[in-house]
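In: Sequence first, then the predicted structure, then my questions.
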Amino acid sequence: MELNDSQLTIRDQYRKFMTTELEAATPAMESGAELPFPFMKKMSSELGVDLAAGAGDDEEMRALASWARTQLIIEIARVNPGFGMSWGVSLGLCAGNIMRSGTQDQKERYLPGLLRGETVGCWCLTEPGAGSDAFRSMRTAARRDGDHYILNGSKTFITNAPYGEVFLVYAKNHEDESIQAFIVEREFEGVSVGKPFKKMGMKSSPTGEVFFDDVRVPAENLLGAGMRDRDHVRKSLAGERIGIAIMGYGIAERCFEIARDYAKERVQGGHAISNYQLIQNRLARMYVALSNARRFVYEEGDLSILDACAGKLYVAEVGTFVAHEAIHILGGYGYLEEQTVERLARDAKLLELGGGTTEIQVLTIARHILA
Ligand SMILES: Cc1cc2nc3c(=O)[nH]c(=O)nc-3n(C[C@H](O)[C@H](O)[C@H](O)COP(=O)(O)OP(=O)(O)OC[C@H]3O[C@@H](n4cnc5c(N)ncnc54)[C@H](O)[C@@H]3O)c2cc1C
């Protein structure tokens, strides 16, 4: 894809920052010695970027800002998808939803800290008994009590939860069974969190549980003063799915480059392995998958929910496919722990699960195309 001068400048700035600063910070984040949050703050102050911001009315600037957001996610995912997930949840899902749907007062109270990477945000939908069937099986409930709501229940698999400070929590309203979102602070009495889970990948991103035990949430913390439909959650899920697809693309792009370069250098039987047609076949198929994925990732304008699901389904699988092919081309070396392709392959699998599993994307696509 040909980039214009502005795009090249932005791409180079992001790439330089990620391949030096983020790359250097990654081993400590992966081992758990460092949390991803100080780096969020650093990125926000040094790159001056925030995922949730708009770009005013100028159409050209808006298009550039949207492209830059996509590119930023790609550049992060090329280096450390786990960091990208923690950052994307705090800024994209927590702050992004408050920015889109919050009241003026909510925006003033919560956005500055979240957008500067100073406050850790979480987005809480999944529960122990409500994963793929998040809405119907939801048990977390809110009951109105004067100028407060009383929140009870628990959420699990929540990105950033063990260190979360602001939780956007979806709960069932007792009165009419509608789903509503509440902004809950860690400091509210009755909120507690569990220890970080030990996971296969995305190790730079802490994941865990959060519990609500008779938590009194002020009524003014009902997101957007209360939306009684699921459109808000659906829009949020569409945004999450697009973000996940972009991360899958970043992983695939980096793994493809590593495998291609390695194949040209690795000599076996007197030739670089890239001379062997069986290796060329693998590289060619990786490239085809990558170029198909690119179509979704750089799509301009708002994607429909159908296209967001189609893109997420396809590109998440491309991420896993290309990362595993890259391990294969690197042979035994690719299988060594802490090789970039080994880590990226473990991280890639999460993209097929989070934000709705492959099966849920397929079912949603089918529902839309048959409606
Ligand atoms: C690292 C990580 C971070 C996460 N971060 C967040 C977060 O920040 N916030 C949040 O709210 N959630 C988060 N999640 C949760 C994630 O969205 C859920 O794990 C996911 O939606 C699947 O739910 P589940 O794990 O309960 O699986 P289940 O729903 O129990 O599914 C198990 C299997 O059954 C299949 N299945 C389920 N229903 C059907 C059906 N109707 N037809 C066919 N197959 C079906 C699924 O596809 C899957 O293969 C995170 C998960 C992980 C692992």
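Out: Here it is on my side, so go on.
In: okay, CA-based contacts and neighbour counts for the rest of this
Out: Will do.
In: Correct me if wrong: Met99 contacts Pro112.
Out: No: using Cα atoms under 8 Å, Met99 is not in contact with Pro112, being 10.6 Å away.
In: residue boundaries of the strands in the chain?
Out: 121-124, 141-145, 148-159, 166-173, 179-185, 191-193, 207-218, 267-268, 271-272 (DSSP state E).
In: Could you point out which of those sits nearest Ser132?
Out: strand 148-159 (12.4 Å; Cα to Cα).
In: Summarise which helices and strands the closest one is packed against.
Out: Strand 148-159 is packed against strand 121-124, strand 141-145, strand 207-218, with contacts defined by 3 or more Cα pairs under 8 Å, 6 or more residues apart in numbering; DSSP states H and E.
In: I'd like the distance between the residue located most distally from the centre of the chain and Glu165.
Out: Here the chain reaches farthest from its C-alpha mean at Gly270, the gap being 43.7 Å by Cα atoms, centre = their mean. Relative to Glu165, Gly270 is positioned 58 Å away (criterion: Cα to Cα, to the nearest Å).
In: Check Asp145 too.
Out: Taken as Cα to Cα, the span from Asp145 to Glu165 is 24 Å.
In: out of those two, which sits in the more crowded spot?
Out: Glu165 (18 against 12; other Cα atoms under 10 Å).
In: contacting residues for that one?
Out: Taking Cα atoms under 8 Å, 6 or more residues apart in numbering as the criterion, Glu165 is in contact with Thr119, Val120, Gly121, Cys122, Glu185, Arg186, Glu187.
In: so which of the residues you listed comes closest to Leu22?
Out: The closest of the contacts of Glu165, once distances to Leu22 are taken by Cα to Cα, is Val120, at 18.5 Å.
In: which one's the longest helix in this protein?
Out: helix 231-265 (DSSP state H).
In: which outside residues touch stretch 300-313?
Out: With contact meaning Cα under 8 Å, 6+ apart, stretch 300-313 is reached by 63, 66, 234-235, 238-239, 241-242, 244-245, 293, 296-297, 352, 358, 361-362, 364-365, 368.
In: What parts of the stretch 251-371 of the chain come near the ligand?
Out: Counting by Cα under 6 Å from any ligand atom, the stretch 251-371 of the chain comes close to the ligand at Leu353, Gly354, Gly355, Gly356, Thr357, Thr358, Glu359, Ile360.
In: 8 Å instead, please
Out: Leu350, Leu353, Gly354, Gly355, Gly356, Thr357, Thr358, Glu359, Ile360, Leu363 (Cα under 8 Å from any ligand atom).
In: how's the chain carved up into domains?
Out: 5-115, 121-225, 231-370 (automatic domain parsing).
In: Now mean pLDDT too, for the ones you listed, in JSON lines please.
Out: JSON lines is the format used below for these (pLDDT from 0 to 100):
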{"stretch": "domain 5-115", "mean pLDDT": "92"}
{"stretch": "domain 121-225", "mean pLDDT": "96"}
{"stretch": "domain 231-370", "mean pLDDT": "94"}
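In: Can you get me a residue count around Val362?
Out: Neighbour tally, Val362, other Cα under 10 Å: 15.
In: i'd like the first residue to be 310 from this point on
Out: All right, first residue 310 from here; so that's Val671.
In: Could you check how far Gly430 is from the ligand?
Out: 10 Å (Cα to the nearest ligand atom, to the nearest Å).
In: isn't Val576 right next to Ile582, touching?
Out: Yes: using Cα under 8 Å, Val576 is in contact with Ile582, at 5.8 Å.
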